[in-house]
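**Q** dropping the sequence and predicted coords here.
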Amino acid sequence: MPKLDLKELGVRGVNSALHGIPNGANEPDWLITNPMGQHAIACGLDAPIEVTINGHVGFYCGGMNQQAGITIHGHAGVGIAENMMSGQVRVMGSASDSAGATAHGGLLVIEGDASSRCGISMKGVDIVVGGSVGHMSGFMAQSGHLVVCGDASDALGDSIYEAIMFVRGKVASLGADCVEKEMRPEHLAKLAELLNAANIDADPGNFRRYGSARTLYNFDIDNADAY
Amino acid sequence: MAVETPVTQTVTLPATLPRRSATFDDYTLSEIRRAAATGIYDIRGGGAKRKMPHFDDLLFLGASMSRYPLEGYRERCDTNVVLGSQNAKKPIELDIPITIAGMSFGALSAQAKEALGRGATIAGTSTTTGDGGMTAEERGQSKTLVYQYLPSRYGMNPNDLRQADAIEVVVGQGAKPGGGGMLLGQKISDRVAEMRNLPKGIDQRSACRHPDWTGPDDLAIKIRELREITNWEKPIFVKISGTRPFYDTALCVKAGADVVVLDGMQGGTAATQEIFIEHVGQPTLACIRPAVDALQDLGMHRKVQLIISGGIRNGADVAKALALGADAVSIGTAALVALGDNDPIFEEEFNQLGTTAGAYDDWHEGRDPAGISTQDAELAKRLDPIAAGRRLANYLKVMTLEAQTIARACGKSHVNNLEPEDLVALTVEAAAMAKVPLAGTDWIPGRSGY
């Protein structure tokens, strides 16, 4: 497996090397060493390659990812896999704020906890968190799925649109226009699929489903106190 | 009132006229009644309509004994501008210092966006996307296209980012500093809904803050990410509203911006609350010098370019903004008017909408007779993008020629050579804001003496 030493190459050197890999390249597996918590590592990838990062990463690792699989053997800073379009990003530790923010597609797996605003404005991505999520997670979430195997902090799903959230543990409070919904067979099946894809062992039957009450979709002065 | 006098004569006493309140004027009274009847704040498009100090309050001195003018039709007066030379591998080079401001597909019809691209390209300048992403019509017709990076990230994707010529991180907008976007259900058509990944027909609100960064330190990291994704090729603009221009401009520079776009409160919006438009922010005139001061303090004036927007209408406004230190200006409302917005030929239809040509600002309702601020397919068809684009190009060229005319009269071989010393102010307020002398004096309020 080719190795990219970030200490030696810098972020620009590492990203340049990864961006230069064409689709269908002979060597699909790459290793980044010494990430040193640097920002914007492996962002903007657009090739079906597998990138392993040995260590912690800073902000926006895997940002706007397309096609690539990125595995971080450490913790991740703010905005892991922000605006991801496709592919998969896996954090084996925990993630800071705004994990998967605005992401349109792909799968983001956080084996540990995720901090506040996990899945903020998500637009189709699937996010599976092995631990708990911080406050305002799923804020203005538009579509996709957020699976939380632990607990959710305050204001879960505030102003949520059509995204679907599954939580196994306690929910401290729900945000504006977010309600618990019936878990129907199709939801159990989808959840099982997501847990399987994330390689997380959990019983879908222990989760509850949350989504939008859709009462704030069109302005009504009598709902002003909800905003 | 008639009264009998002691000699039994009848006389008419003088009566006072009905007196309308300056505080509770007719508009205010109508707004109170409207709010009481509907239970919703007034939403509209455009920028601040109130009277405020503006470029009209400044005059150029022109050449005289101490300055030599350039011959109007013989001697060159260049207008080109390079944006983003600080960090980008591929800075933008424009023929004229007038750009087209960000306006979204969604707020505007596809035909209007295409017309903006066509007009800007003919005139040798750039146009800018808006909330909602990049359309094929816009990219196809715009030689130079700036891609806005907004809090909502609607339609945001790395492929479009890479095919843009520059990236504009939007922090604020002059019409609504601190406020997010708004696109009401009437304009969320199938195509708009699909691009924004939202259900059709809902009232769509764009966030006021970016979802994954807060403050200039984070912005610096965000800008680095955008540069990494685009191979450090694209100039990064940061757009701010006219709130705290000195500090905000300095912080943009600190965050690594190549270009600062500063939008005063006359700058328009597709839709927001009237109360927001008229009561938050500062006039464009008040914003320019503090921003230039910040750039000069940092030794970055002309290295990080400054684009000014908000109420630019003609070549004199362009020249005045440049003389105060801007590198270029940006127009939105004026560009729409050039396309055909608020054209009196639609007066009858404006009347049916309860308004009149020149005052129509219910852009959020999507019923624009001119086919510009609408997603109604039948209305949108009224706008011929080729003819409208030509009108915009004509207007841009006229503005440029006007700015050149003034610059030559001031003895400048490039419009960017205009300087504050070429200006005086007609009012104390304008003198204080623009930091140029009150006409007929050498007094700059706040700078020279009291």
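**A** Thanks, I have it.

**Q** for chain A, what's its nearest residue on the stretch 201-350 of chain B.
**A** Residue nearest to chain A within the stretch 201-350 of chain B: B:Ile229 (3.3 Å; Cβ to the nearest Cβ). For glycine as for every other residue, the C-beta is placed from the backbone atoms N, C-alpha and C.

**Q** check the secondary structure at the spatially closest residue to that residue that is not a sequence neighbour for me.
**A** Here the nearest residue to B:Ile229 in space, its sequence neighbours aside, is A:Gly44; by Cβ to Cβ, 6 or more residues apart in numbering or on different chains that works out to 3.3 Å. Taking DSSP: H, G, I helix; E, B strand; the rest coil as the rule, one finds A:Gly44 in the coil state.

**Q** residue of the stretch 301-450 of chain B closest to chain A, please.
**A** Of the residues in the stretch 301-450 of chain B, the one nearest chain A is B:His364, at a distance of 11.2 Å by Cβ to the nearest Cβ.

**Q** and that residue, how many neighbours does it have?
**A** Residues near B:His364, counting by other Cβ atoms under 10 Å in any protein chain shown, number 22.

**Q** any idea how far it is from B:Gln111?
**A** 18 Å (Cβ to Cβ, to the nearest Å).

**Q** same check on A:Gly69?
**A** Going from A:Gly69 to B:Gln111 by Cβ to Cβ gives 42 Å.

**Q** sorry, back to before: ok, the residue of the stretch 201-350 of chain B closest to chain A touching A:Ile41?
**A** No. Counting by Cβ atoms under 8 Å, B:Ile229 stays clear of A:Ile41, with 12.0 Å between them.

**Q** just for chain A, where's the confidence low?
**A** When the per-residue scores of chain A are filtered using pLDDT under 70, the ranges that remain are A:221, A:224-227.

**Q** quick one: contacts for the residue of it found nearest chain B?
**A** The shortest separation between chain A and chain B is 3.3 Å, found at A:Gly44 (distances taken as Cβ to the nearest Cβ). Contacts here follow Cβ atoms under 8 Å, 6 or more residues apart in numbering or on different chains; on that basis A:Gly44 touches A:15, A:19, A:63-65, B:158, B:228-230.

**Q** can you give me phi and psi for the nearest residue to A:Gly130 once chain neighbours are set aside?
**A** In space, and not counting its chain neighbours, A:Gly130 is closest to A:Glu111: 4.4 Å by Cβ to Cβ, 6+ apart. Summarising the backbone geometry of A:Glu111 under the convention degrees, to the nearest 10, its torsions are phi -70, psi -30.

**Q** could you do B:Val81 as well?
**A** In terms of degrees, to the nearest 10, the main-chain angles of B:Val81 are phi -150, psi 140.

**Q** burial measure for it, as a count.
**A** With other Cβ under 10 Å as criterion, B:Val81 counts 23.

**Q** check B:Gly117 too.
**A** Taking other Cβ under 10 Å as the criterion, the count of residues near B:Gly117 is 26.

**Q** what does B:Glu378 give?
**A** Applying the criterion other Cβ under 10 Å, we find 8 residues in the vicinity of B:Glu378.

**Q** for stretch A:74-94, buried residues please.
**A** Using 16 or more other Cβ atoms under 10 Å in any protein chain shown as the test for burial, stretch A:74-94 gives A:74-92, A:94.

**Q** could you do stretch B:68-85 as well?
**A** Within stretch B:68-85, the residues that count as buried by 16+ other Cβ under 10 Å are B:70, B:77, B:79, B:81, B:83-85.

**Q** equivalent analysis for stretch B:150-159, please.
**A** Neighbour counts over stretch B:150-159 (16+ other Cβ under 10 Å) mark B:150-158 as buried.

**Q** quick check: the two most widely separated of the residues you listed?
**A** B:Pro151 and B:Pro158 (17.7 Å; Cβ to Cβ).

**Q** tell me where chain A has helices.
**A** For chain A, applying DSSP state H gives helices covering A:6-19, A:185-198.

**Q** residues making contact with the first one?
**A** Spelled out, that is helix A:6-19. Residues contacting helix A:6-19 (Cβ under 8 Å, 6+ apart): A:4, A:30, A:32-36, A:38-47, A:49, A:51, A:68, B:224, B:228, B:231-232.

**Q** list the buried ones in it?
**A** So, applying 16+ other Cβ under 10 Å, buried residues of helix A:6-19: A:6, A:11, A:14-15, A:18-19.

**Q** closest to B:Met300 among the residues you listed?
**A** If you rank the buried residues of helix A:6-19 by distance to B:Met300 using Cβ to Cβ, A:Val11 comes first, at 24.4 Å.

**Q** gap between that closest one and A:Phe59?
**A** 11 Å.

**Q** what touches both of these two?
**A** A:39-40.

**Q** follow-up on the earlier one: quick one: which of the contacts of helix A:6-19 sit in strands?
**A** Assigned to strands by DSSP state E, the following of the contacts of helix A:6-19 qualify: A:4, A:30, A:32-33, A:51.

**Q** and those residues, which two are furthest apart?
**A** A:Thr33 and A:Val51 (11.7 Å).

**Q** which of these two has more neighbours?
**A** When A:Thr33 and A:Val51 are compared for neighbours, A:Val51 comes out ahead with 27 against 16, by other Cβ under 10 Å.

**Q** what sits against residue 202?
**A** No chain specified, so I'll use chain A. Residues counted as contacts of A:Ala202 (Cβ under 8 Å, 6+ apart) are A:149, A:168, A:195.

**Q** ah, I was thinking of chain B
**A** A:161, A:217-218, B:185, B:188.

**Q** please apply the same query to A:Met85.
**A** A:Met85 makes contact with A:64-66, A:103-106, B:157-158 under the criterion Cβ under 8 Å, 6+ apart.

**Q** which of the contacts of A:Ala202 tops the neighbour count?
**A** For the contacts of A:Ala202, neighbours were counted using other Cβ under 10 Å, and A:Cys149 has the most, 23 neighbours in all.

**Q** tell me the contacts of that one?
**A** Applying Cβ under 8 Å, 6+ apart as the definition, the contact partners of A:Cys149 turn out to be A:128-131, A:168-169, A:200, A:202.

**Q** could I get those residues as TSV with distance to B:Thr99?
**A** Converted to TSV, the contacts of A:Cys149 look like this (distance: Cβ to Cβ, whole Å):
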residue	distance to B:Thr99
A:Val128	44
A:Val129	43
A:Gly130	48
A:Gly131	47
A:Arg168	51
A:Gly169	51
A:Ile200	50
A:Ala202	53
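
**Q** can you show me the strands along the stretch 51-200 of chain B?
**A** With DSSP state E, counting those that start in this stretch as the definition, the stretch 51-200 of chain B shows strands at residue ranges B:58-60, B:81-83, B:92-94, B:98-100, B:126-128, B:144-149, B:166-170, B:182-183.

**Q** if we can go back for a sec, between the buried residues of stretch B:68-85, which sits nearest B:Gln141?
**A** Nearest to B:Gln141 among the buried residues of stretch B:68-85: B:Leu83, at 19.9 Å, using Cβ to Cβ.

**Q** gap between the closest one and chain A?
**A** As defined by Cβ to the nearest Cβ, to the nearest Å, B:Leu83 lies at a distance of 23 Å from chain A.

**Q** many thanks, have a good one.
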